[in-house]
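*Asks:* need a 3D model of the following:
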Amino acid sequence: MNRKYLSILVLVLVAVVALAGCSSGNGSEEPAEDGDRVFTLDELAEYDGLDGQEAYVAVDGVVYDVSGSDMWDAGGHNGFQAGQDLSEEIKEVSPHGVSVLERMPVVGTLEE
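*Replies:* Numbers count the residues shown, from 1 in each chain. Have a look, this model is predicted:
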């Protein structure tokens, strides 16, 4: 009889674990697909390329990952630091404009 109760208990535990993994109301957020994440300015600021962080910049509402670019050493490029909306700077000061950024991976959009 103990074996029967043990088998039932194991089945119930397996069912609870399976259901907990399927629940969307547990407060944790599923990771966004590449390019689907929406960043606030505060969240974007965390990606400044310093202290081993990834380097992201926003231009015209699109957030680009510039971490892999040799031109963004430690998140900095020509006096500008990643982790910001650099729309005006890239479009008005940069000699290449947005054209170089368009080759970088898009990781999301900037919240309006």
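*Asks:* quick check: residue 75 vs residue 107, distance?
*Replies:* Shown here: residue 75 relative to residue 107, a distance of 14 Å by C-beta to C-beta, to the nearest Å. (Each C-beta comes from the backbone N, C-alpha and C, glycine too.)
*Asks:* quick one: the helices in this structure?
*Replies:* Under the criterion DSSP state H, helices of the chain are mapped to 2-22, 41-45, 87-92.
*Asks:* lowest-confidence stretch among those?
*Replies:* Mean pLDDT values for the helices of the chain show the minimum at helix 2-22, a mean of 50.
*Asks:* so where's the chain uncertain?
*Replies:* The chain contains residues with pLDDT under 70 at 1-35.
*Asks:* run the last query once more with 50
*Replies:* By pLDDT under 50, the weakly predicted segments of the chain are 12-32.
*Asks:* tell me where it has strands.
*Replies:* Ranges of strands in the chain, per DSSP state E, are 37-39, 56-59, 62-65, 76-77, 80-81, 106-110.
*Asks:* in a markdown table: those strands, plus mean neighbour count and distance to residue 97.
*Replies:* Shown next, in a markdown table, are the strands of the chain (neighbours: other C-beta atoms under 10 Å; distance: least, C-beta to C-beta, whole Å):
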| stretch | mean neighbour count | distance to residue 97 |
| --- | --- | --- |
| strand 37-39 | 16 | 22 |
| strand 56-59 | 26 | 9 |
| strand 62-65 | 22 | 13 |
| strand 76-77 | 18 | 14 |
| strand 80-81 | 16 | 14 |
| strand 106-110 | 19 | 17 |
